[in-house]
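Peer 1: Structure for the following, please:
(4 chains)
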Number of protein chains: 2
Amino acid sequence: MEPRKRPGRTPAPAGRTSRPRQAEVARLAGVSQATVSLVLSPKPDGKGRIISEETRQRVLEAARSLGYVPDPAARRLAAARNNLLGVFSFTATFPTDVQHSYYPFLVGVEREAAALGYDLVLFTGSSTGGAGAAGPDALSRVRLADGCLFIGRHTPRAELKRLVEDGFPVVHLGRREELEGVAWVGADYVEATSEVVGHLAELGHRRIVLVREDDDAPASSDRQRGFLEGLEAAGLPSGPTTVFRSADPQRDLTPERLRAWADEGVTAFVAEETDTGAAWRGLLSAVREAGLDCPTEVSLALLGSPPADLAGEPEPTGFDIPRPQLGAAAVRLLAALVAGEEAREPLVSCVFRPGLTAGPPRSHP
Amino acid sequence: MEPRKRPGRTPAPAGRTSRPRQAEVARLAGVSQATVSLVLSPKPDGKGRIISEETRQRVLEAARSLGYVPDPAARRLAAARNNLLGVFSFTATFPTDVQHSYYPFLVGVEREAAALGYDLVLFTGSSTGGAGAAGPDALSRVRLADGCLFIGRHTPRAELKRLVEDGFPVVHLGRREELEGVAWVGADYVEATSEVVGHLAELGHRRIVLVREDDDAPASSDRQRGFLEGLEAAGLPSGPTTVFRSADPQRDLTPERLRAWADEGVTAFVAEETDTGAAWRGLLSAVREAGLDCPTEVSLALLGSPPADLAGEPEPTGFDIPRPQLGAAAVRLLAALVAGEEAREPLVSCVFRPGLTAGPPRSHP
DNA sequence: CGGCATCGTTAATGCGTATTACCTAATGCG
DNA sequence: CGCATTAGGTAATACGCATTAACGATGCCG
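Peer 2: Sure, this is the predicted structure:
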């Protein structure tokens, strides 16, 4: 029987000059393609050095004279790894409304990814992305990468879980203990918040109120927990009235409300940081409208960093979230998962920021 | 003769769940791998053989339930396309020192890429010169994508040229006419700068000085050209003394220098925008130190947007670079190149910004 | 009723590289 | 000197997908 004709792809036009392949290097050096590959991709452990120095040089010379550059696609296909890490945020990665909110994380993510030799694929939850539909399986696009980093306060649990169950390496930036099996890296809000409360207590404040938004994200509840723990550690009362929770602090936090608290003996306020910074903004404007001076008449603290547009204001007492470090830690963890290693300690400490908005209470000498 | 053993790669561990392949989708749908490929990558021209609707749906259903995503490397290797566009910047894409410099571009890039159905790969080569990225072939990694967008004031010409010669679609964000064959999208600095000068001349300024950094990037020389053209168009003298060029404007731009100019009759200054904003900063502080009021005693204009940390200052007269639109235009151009179409008009107009730092000169009623 | 398009699907490739099993000579050893 | 070992290298895969010749099953027409 005749050998059947070759179906396959049309062979490349002979005349066309294209990038040199290993095969051409091999021909020029008078060796086989496999030898070229062995020479050009040396194994880290010196065990692979079975090619004689002479041949090695011949191959290297041939490769250089042809200007050979390995094809990354082929390389990655053969290695069964793409050296790609995904970054998925549930809002646009580059939001225009919430100015630059993820930027500091990305700084660390990019740097660490580069250091580890990974490139990044940016996915967006909001976009109607090309590869897949915007539907419920939008998340499956991330499988294109070797692993994926997720950023955002709110997370679709079910789909994430699906990825994890399939053995796809996933790291969440932000505490996600309630999602079984999802690796995460987070800031230690509990400890940091507690520390801020301790600082206020040391200054002499006896009644402190936490202002938070109406949001059940872990970042919020962690701060509340740290707040209560801090009160307790300082021996201060911690009733439910010490936490003011509002869906719209800028509306609900009126000057009257503030004065009422002051009359009750509240001398310090603590606000959580969110995307919008609504709690802090509400607090600031209420204090201003009430005509109270900070920090002589009232002390304020911000559990995080101030919004960028408030850069001109006096530096708030509170703590800084080491976002670049968090991003870097997340990438390290993800890379470890991709390499099949185990997850490690996920908490990154925050840095206390003395700031200028807290001082001793008035009645306290 | 016995069929020889299969050398090749060790088959994947049976128990391990890995990313689904077309073969698995095929098995689940009861068809062949080829059918899956035909269904999942439909030819643009409807000429291709058509798979029956029933089979099509079965395959799509199977693919969805498995969360199948095509392997970009394999796709690329098989000489098709990825739906991936690369983004490569010659400095870190998310720099720490020069805050947010590329961010506004990326906003447009991301949005447009999503709209056209592409995902983005952020090549992290330049930031730290990480693993294997330092070499002269650092750029070749971008070949994993269908095409690549390059951002940065300074560009390694040789390597970019190599990519272009090999027929790889490349678009540079920023004018690059001197690089033969490199497509680019840029802001029309010449026209915009000329317009700003015209505005100053109309206000009555007769002597205007341009402050620029010692940098030969096209963005700088375009502004200078526009500046000189603007002077000419307004019938103003344009000697070499009208351009002040300094490697460190914040040092060289002394209050004394400023007063000397004022004595010579200079009533307006124009600064270029750069990554660091050094020219503008130098100008501002020199004016302040010289005790001159702006805009009553001296008019200032900024050829671009002010640095983020000067957001509190009065809005500078000058123009805005429509960065998101530029990013979007670059992506559109790149997508066109990937599709094999021709390049089109690359210039995007800037938007004049009246601002508050320019007014009629003092001696002018 | 046989030839012959037509339709739907599959088998068999190729892309460029990495990885092994295997082969051949040269060398070592008792 | 005979056999085991090592050094140096090659052939034959596999990686996952796209492509296309070929094939079986119809339906159509003369």
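
Peer 1: Might one say that A:Ala286 is in contact with A:Pro255?
Peer 2: Yes - using CB atoms under 8 Å, A:Ala286 is in contact with A:Pro255, at 5.5 Å. In short, each C-beta sits where N, CA and C put it, glycine included.

Peer 1: and those two? which has more neighbours close in?
Peer 2: Comparing A:Ala286 with A:Pro255 by other CB atoms under 10 Å in any protein chain shown, the one with more neighbours is A:Ala286, at 24 against 15.

Peer 1: Stretch A:112-121 near chain B anywhere?
Peer 2: Yes - using CB under 8 Å from any CB of the partner chain, stretch A:112-121 comes into contact with chain B via A:Ala113, A:Ala114, A:Ala115, A:Leu116, A:Gly117, A:Tyr118, A:Asp119, A:Leu120, A:Val121.

Peer 1: ok, and the most crowded of those residues?
Peer 2: With neighbours set by other CB under 10 Å, the maximum within those is found at A:Ala113, which has 30 neighbours.

Peer 1: what's it in contact with, if anything?
Peer 2: A:Leu85, A:Asp119, A:Leu120, A:Val331, B:Thr124, B:Gly130 (CB atoms under 8 Å, 6 or more residues apart in numbering or on different chains).

Peer 1: from the residues you listed, which is closest to DNA strand C?
Peer 2: Closest approach to DNA strand C among those (CB to the nearest atom of the strand): A:Asp119, at 16.3 Å.

Peer 1: Just the ones of the contacts of A:Ala113 in strands?
Peer 2: Among the contacts of A:Ala113, the members falling in strands (DSSP state E) are A:Leu85, A:Asp119, A:Leu120.

Peer 1: which parts of the stretch 201-350 of chain A sit against chain B?
Peer 2: Counting by CB under 8 Å from any CB, the stretch 201-350 of chain A sits next to chain B at A:Ala308, A:Asp309, A:Ala311, A:Gly312, A:Pro324.

Peer 1: rerun that using 6 Å as the cut-off
Peer 2: Taking CB under 6 Å from any CB of the partner chain as the contact definition, the stretch 201-350 of chain A meets chain B at A:Gly312.

Peer 1: residues contacting whichever residue of the stretch 251-365 of chain A sits closest to DNA strand D?
Peer 2: Residue nearest to DNA strand D within the stretch 251-365 of chain A (CB to the nearest atom of the strand): A:Val338, separated by 14.9 Å. Listed by CB atoms under 6 Å, 6 or more residues apart in numbering or on different chains, the contact partners of A:Val338 are A:Asp146, A:Gly147, A:Pro169.

Peer 1: got the domain boundaries for chain A?
Peer 2: A:84-187+A:325-348, A:189-320 (automatic domain parsing).

Peer 1: okay, those domains in a markdown table with distance to B:Gly235 next?
Peer 2: Shown next, in a markdown table, are the domains of chain A (distance: least, CB to CB, whole Å):
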| stretch | distance to B:Gly235 |
| --- | --- |
| domain A:84-187+A:325-348 | 42 |
| domain A:189-320 | 42 |
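
Peer 1: In which helix or strand does the closest residue to A:Cys350 other than its chain neighbours reside?
Peer 2: Leaving aside its sequence neighbours, A:Cys350 sits nearest to A:Ala192 (CB to CB, 6 or more residues apart in numbering or on different chains; 3.6 Å). Using DSSP states H and E, the element containing A:Ala192 is helix A:189-203.

Peer 1: still on that earlier bit, possible to save the domains of chain A as JSON lines with mean pLDDT?
Peer 2: Below are these laid out as JSON lines (pLDDT from 0 to 100):
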{"stretch": "domain A:84-187+A:325-348", "mean pLDDT": "78"}
{"stretch": "domain A:189-320", "mean pLDDT": "90"}
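
Peer 1: out of these, nearest to B:Val69?
Peer 2: Across the domains of chain A, B:Val69 has its closest neighbour in domain A:84-187+A:325-348 (4.1 Å, CB to CB).

Peer 1: just how off-centre is the closest one within its chain?
Peer 2: 7 Å (CA atoms, centre = their mean, to the nearest Å).

Peer 1: next one: stretch A:267-282
Peer 2: Relative to the mean C-alpha coordinate of its chain, stretch A:267-282 is positioned 22 Å out (CA atoms, centre = their mean).

Peer 1: how far does it stretch from start to finish?
Peer 2: Terminal residues of stretch A:267-282 lie 17 Å apart, using CA to CA, to the nearest Å.

Peer 1: Helices of chain A, residue ranges please.
Peer 2: For chain A, the helices defined by DSSP state H cover A:22-29, A:33-40, A:53-66, A:72-79, A:103-116, A:157-165, A:189-203, A:218-233, A:249-252, A:255-264, A:278-289, A:323-338.

Peer 1: Next one: A:Ala329 from A:Thr254, what distance?
Peer 2: Distance of A:Ala329 to A:Thr254, given as CB to CB, to the nearest Å: 41 Å.

Peer 1: Pick out whichever of those two has more residues nearby.
Peer 2: Remark: of A:Ala329 and A:Thr254, A:Ala329 carries more neighbours, 24 against 14, as counted by other CB under 10 Å.

Peer 1: Next, the contact list for the nearest residue to that one once chain neighbours are set aside, please.
Peer 2: Once flanking residues are discounted, A:Ala329 sits nearest to A:Val185: 4.8 Å by CB to CB, 6+ apart. Going by CB under 6 Å, 6+ apart, A:Val185 touches A:Leu173, A:Ala329, A:Ala330, A:Leu333, A:Pro346.

Peer 1: A:Leu292 contacts A:Leu300, doesn't it?
Peer 2: No - the pair A:Leu292 / A:Leu300 is not scored as a contact, 9.8 Å apart, by CB atoms under 6 Å.

Peer 1: So the two - more neighbours on which side?
Peer 2: A:Leu300 (25 against 17).

Peer 1: ok, now which ones touch the nearest residue to that one once chain neighbours are set aside?
Peer 2: Counting by CB to CB, 6+ apart, A:Leu300 lies nearest to A:Thr357, which is 4.3 Å off, once chain neighbours are set aside. Neighbour list for A:Thr357: A:Cys294, A:Pro295, A:Leu300, A:Pro316, A:Thr317 [criterion: CB under 6 Å, 6+ apart].

Peer 1: Let's have these in JSON lines, adding distance to DNA strand C.
Peer 2: JSON lines is the format used below for the contacts of A:Thr357 (distance: CB to the nearest atom of the strand, whole Å):
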{"residue": "A:Cys294", "distance to DNA strand C": "61"}
{"residue": "A:Pro295", "distance to DNA strand C": "61"}
{"residue": "A:Leu300", "distance to DNA strand C": "57"}
{"residue": "A:Pro316", "distance to DNA strand C": "52"}
{"residue": "A:Thr317", "distance to DNA strand C": "54"}
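
Peer 1: from these, which single one is nearest A:Arg245?
Peer 2: Nearest to A:Arg245, judged by CB to CB, of the contacts of A:Thr357 is A:Leu300 at 17.7 Å.
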